[in-house]
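Student: what's the 3D shape of this:
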Amino acid sequence: MRRVLASLAVLLSSLPALTACGGSDSPSDGADSGPEVVEVTIQGESVTPNGERVEVAVGQDVELDVTADAPGEIHVHSTPEQELEYEAGESTLTIKGIDKPGTVDVESHNLEKVIVQLEVR
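Tutor: Okay, the predicted model is just below:
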């Protein structure tokens, strides 16, 4: 009986070390996962989405699939700031991975509207 209890004590004391070595199935770096895709439609004075929050990982790129009735520019309030121009019709714009957690506004200065807020985690 003592041997069984001693073996059980050794086994239980080694469990924390064994579980600490386990890896995560999800990527820890946003750059390892594909880009987050956001569809943007700009018609006249309206834009969709309109200020919605989108969660992205630190370092993860964001692709904006833009459909617009006129050319324009999207401003990303990241560090460093990014300015992305789009044409009338369909354009795909890439916001390079943001390396600091927080909320980043993506907006149209011409329309004076926030398109999305990126929640970088």
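
Student: switch to C-alpha atoms for all contacts and neighbour counts from now on
Tutor: Noted.

Student: Go ahead and name everything in contact with stretch 57-72.
Tutor: Stretch 57-72 is contacted by residues 29-44, 56, 85-101, 110, 120-121 when judged by CA atoms under 8 Å, 6 or more residues apart in numbering.

Student: I meant stretch 96-108, not that one.
Tutor: 30-31, 58-62, 73-79, 113-121.

Student: So, low pLDDT: which residues of the chain?
Tutor: 1-32 (pLDDT under 70).

Student: quick one: the strands in it?
Tutor: 36-43, 46-48, 52-56, 62-68, 72-76, 82-86, 89-95, 102-108, 113-120 (DSSP state E).

Student: one step back: which among the contacts of stretch 96-108 end up buried?
Tutor: 30-31, 58-62, 74-78, 113-121 (16 or more other CA atoms under 10 Å).

Student: Against residue 94, how distant is residue 102?
Tutor: 19 Å (CA to CA, to the nearest Å).

Student: Ignore what I typed, I meant residue 42.
Tutor: 17 Å.

Student: Give the buried subset of the contacts of stretch 57-72 as a ChimeraX selection command.
Tutor: For the buried members of the contacts of stretch 57-72, the matching ChimeraX selection, counting by 16+ other CA under 10 Å, is:
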select :30,31,35,36,38,40,41,42,56,86,91,92,93,94,95,96,97,98,99,120,121
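
Student: How much space separates residue 44 from residue 118?
Tutor: From residue 44 to residue 118 the distance is 24 Å (CA to CA).
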